[in-house]
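> Provided below are the primary sequence and the corresponding predicted coordinates.
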Amino acid sequence: MERMICLIAGYLCGLLQSGYFYGKTHKIDIRKYGSGNSGTTNALRVMGPKAGAVVFFGDFLKSLLPCLAVRLVFQNQPEMIYLLILYTGFGVILGHNYPFYLQFKGGKGIAATAGLIMAADLRMTLLCLTSFILIVLITRYVSLGSLVVATIFLIWMCVFGSMGAYGIGQNLLPEFYIVAALISGQAFWRHRANIGRLIHGKENKISFGSGKTK
């Protein structure tokens, strides 16, 4: 029951489409421009750095806050708490990626994943942030940095979960790994077109001078 509550609550929080609503305040539907999604990178591409920052923090907080709330509400269930955080974060990502009121056309869930990562483990947050910044600075591929973060997340959760860092009972570890894999898998699925362009050297790069991608 707790799992379903966290998943549904997360999905409802994920429906707060920062990019879509910010675009509407500027009289545009961001999904009709650029890459066609309502996430941070497309907001940056279409409306500039201010929009990118607003959208990122909006999507980041809509994941961070409910995940932190779960830590508080279920603190008396230490063997379950991190599993429930994953369910909540996964729900937020699904709500962000597939909002029912926008014909299931949302973003790619990276900012929401970042919120989940910060709520789960500050050490992992530091590693993911450092890796993302370095990769984007060196390659100028936001998509590549995002995919590396998703990979680090999965490896970290599996390694430290098996070491007992999150207090997950042995009987719950397979489920813990599966949910973590689903979260990471969403990032790869939503970036499948980017992966194809990366392979063929046609992916858009970010230009630090203008704050927009090219």
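Received, thanks.
> got a pLDDT number for T41?
For T41, the pLDDT comes out at 84.
> whoops, K212 was the one
Reported pLDDT for K212: 47.
> try G52
At G52, pLDDT is 89.
> what about it, how many neighbours?
Using other C-beta atoms under 10 Å as the criterion, G52 is surrounded by 24 other residues. C-beta coordinates here come from the backbone N, C-alpha and C atoms, glycine included.
> which strand or helix spans it?
According to DSSP states H and E, G52 maps onto helix 49-73.
> show me what that helix is packed against.
helix 2-14, helix 18-25, helix 40-47, helix 81-97, helix 110-120 (3 or more C-beta pairs under 8 Å, 6 or more residues apart in numbering; DSSP states H and E).
> what's the least confident stretch among these?
Among the helices and strands packed on helix 49-73, helix 40-47 scores lowest, with a mean of 86.
> tilt between it and helix 18-25?
Counting by axes from the mean of the first three to the mean of the last three C-alpha atoms, to 10 degrees, helix 40-47 points 20 degrees away from the direction of helix 18-25.
> chain center to helix 40-47: distance?
16 Å (C-alpha atoms, centre = their mean, to the nearest Å).
> closest one to L198 among the helices and strands packed on helix 49-73?
L198 sits nearest to helix 40-47 of all those, at 13.9 Å, using C-beta to C-beta.
> now T139: how far from L198?
T139 sits 9 Å away from L198, going by C-beta to C-beta, to the nearest Å.
> cool, V142 as well?
11 Å.
> the more surrounded of the two?
Remark: of V142 and L198, V142 carries more neighbours, 23 against 16, as counted by other C-beta under 10 Å.
> the more buried one contacts A43, doesn't it?
No: using C-beta atoms under 8 Å as the test, V142 is too far from A43 to be in contact (11.8 Å).
> re the thing from before, which residues touch the helix holding G52?
6, 9-10, 13-14, 16, 18-19, 22-23, 26, 38-41, 43-44, 81, 84-85, 88-89, 92-93, 96, 107, 111-116, 118-120, 211-212 (C-beta atoms under 8 Å, 6 or more residues apart in numbering).
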